[in-house]
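A.B. asks: Return a 3D structure for these sequence lines:
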Amino acid sequence: MRTVAALVVTILALWQGVIWLAGMPPFLLPSPLAVADALWINRAEIARHAGFTLAEVVLGFTLGSALGAALAVAMGFSQKLTGVLRPILTFSQTIPVFALAPILTLWLGFGMAPKIAMTVLIVFFPVASAFLDGLMRTPQAALDLAQVMGAGRTRIMRHLRIPAALPSLATGLRLAAVYAPIGAVIGEWVGGARGLGALMIHANGRMKTDLVFAALLVLSVMTVIFARLVAIALHRLLRRYGV
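C.D. replies: Numbering: from 1, shown residues only. This is a model prediction of the structure:
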């Protein structure tokens, strides 16, 4: 805790020092006190927008994780399916996420749906990729033993391969928990009137840079807390399975 506190104080001191030395105007770089003041004055509005963003993150993370894990299991059952879909998954990551946001907004409208879809797209790949790698690394000796004992493919997947791949799945989920808010905010930037991303865009258009920084601070704290909660849940899950 002392290290974290010292780091925060150092960042704030450097921030304020840059403003003093460079003579930065408030509309370009507000002071830490100005940001804190904006956070307090607009706390109700920020909390309301943060609630929408959090809902998009949780829904998108849950759906994206479920879809990614399901596809990894399906690919784990079939080498042919893996050979077909893995290059497609890799190719999909070459498409910039920003390029998809306007298209999703056009297709799904300006509500929560395109933001959730953006979050799903960002979460889906790390979960599917990490889980599939774990499923493919099941020790061959364990697989041979299970087959000798008469276990079928479904029982092997359920009782051997999936438990053995849980650490890899957990790694993918931890990464996805950090990336998930990015998808929601990008969707809010492109089109929407609710959420922290929309609040930042509107505040920036009115030259309220202090409010932009306040919303960004709340988003960062929310991301850290969300990622931490996911990590705690995964730790308990792995302990339950003795991994």
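
A.B. asks: CA atoms for contacts and neighbours, from now on please.
C.D. replies: OK.

A.B. asks: Any stretches of the chain with poor pLDDT?
C.D. replies: Along the chain, the model assigns pLDDT under 70 to residues 1, 242-243.

A.B. asks: quick one: contacts of the helix or strand that contains residue 100?
C.D. replies: Residue 100 belongs to helix 97-108 when elements are defined using DSSP states H and E. The contact list for helix 97-108 (Cα atoms under 8 Å, 6 or more residues apart in numbering) reads 114, 117-118, 122, 186-187, 190-191.

A.B. asks: Distance of the residue nearest the centre of the chain relative to residue 81?
C.D. replies: The residue lying closest to the centre of the chain (Cα atoms, centre = their mean) is residue 180, at 2.0 Å. Relative to residue 81, residue 180 is positioned 27 Å away (Cα to Cα, to the nearest Å).

A.B. asks: Tell me which residues of whatever helix or strand residue 6 lives in come out buried.
C.D. replies: Taking DSSP H and E as the criterion, residue 6 maps to helix 2-22. Neighbour-count burial for helix 2-22, counted by 16 or more other Cα atoms under 10 Å, picks out 16, 19.

A.B. asks: Beyond that helix, next helix or strand please.
C.D. replies: Helix 2-22 is succeeded, C-terminally, by helix 32-41 (DSSP H and E).

A.B. asks: List the residues that contact residue 50.
C.D. replies: By Cα under 8 Å, 6+ apart, residue 50 lies in contact with 195-196, 218-219.

A.B. asks: could you redo the last one with a cut-off of 10 Å?
C.D. replies: Neighbouring residues of residue 50 by Cα atoms under 10 Å, 6 or more residues apart in numbering: 44, 56, 194-197, 199, 215, 218-219, 222.

A.B. asks: In ChimeraX, select just the buried ones from those residues.
C.D. replies: Per 16+ other Cα under 10 Å, the buried members of the contacts of residue 50 correspond to this ChimeraX selection:
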select :56,194,195,196,197,199,215,218,219,222
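
A.B. asks: Show me the contacts of residue 50 that map onto helices.
C.D. replies: Among these, DSSP state H puts 44, 56, 196-197, 199, 215, 218-219, 222 in helices.

A.B. asks: Now distance to residue 89 too, for those, in CSV please.
C.D. replies: Output for the ones in helices among the contacts of residue 50, formatted as CSV (distance: Cα to Cα, whole Å):
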residue, distance to residue 89
44, 41
56, 23
196, 30
197, 28
199, 33
215, 33
218, 33
219, 29
222, 29
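
A.B. asks: Between all of the residues you listed, which two are at the greatest distance?
C.D. replies: Spatial extent of the ones in helices among the contacts of residue 50 (Cα to Cα) is set by the pair 44 and 56 at 18.9 Å.

A.B. asks: What residues sit buried inside the helix holding residue 100?
C.D. replies: For helix 97-108, the neighbour count (16+ other Cα under 10 Å) marks 97, 100-102, 104-105 as buried.

A.B. asks: which is the next helix or strand following it?
C.D. replies: Remark: after helix 97-108, the chain's next helix or strand is helix 113-136, criterion DSSP H and E.

A.B. asks: Could you pull out the buried residues of that next one?
C.D. replies: Quick answer for helix 113-136 (16+ other Cα under 10 Å): 113-132, 134-136.

A.B. asks: Next: stretch 166-178.
C.D. replies: For stretch 166-178, by 16+ other Cα under 10 Å, it's 166-178.

A.B. asks: So what's the residue count around residue 32?
C.D. replies: 18 (other Cα atoms under 10 Å).

A.B. asks: I'd say it and residue 210 touch.
C.D. replies: Yes: under the criterion of Cα atoms under 10 Å, residue 32 makes contact with residue 210 at 8.7 Å.
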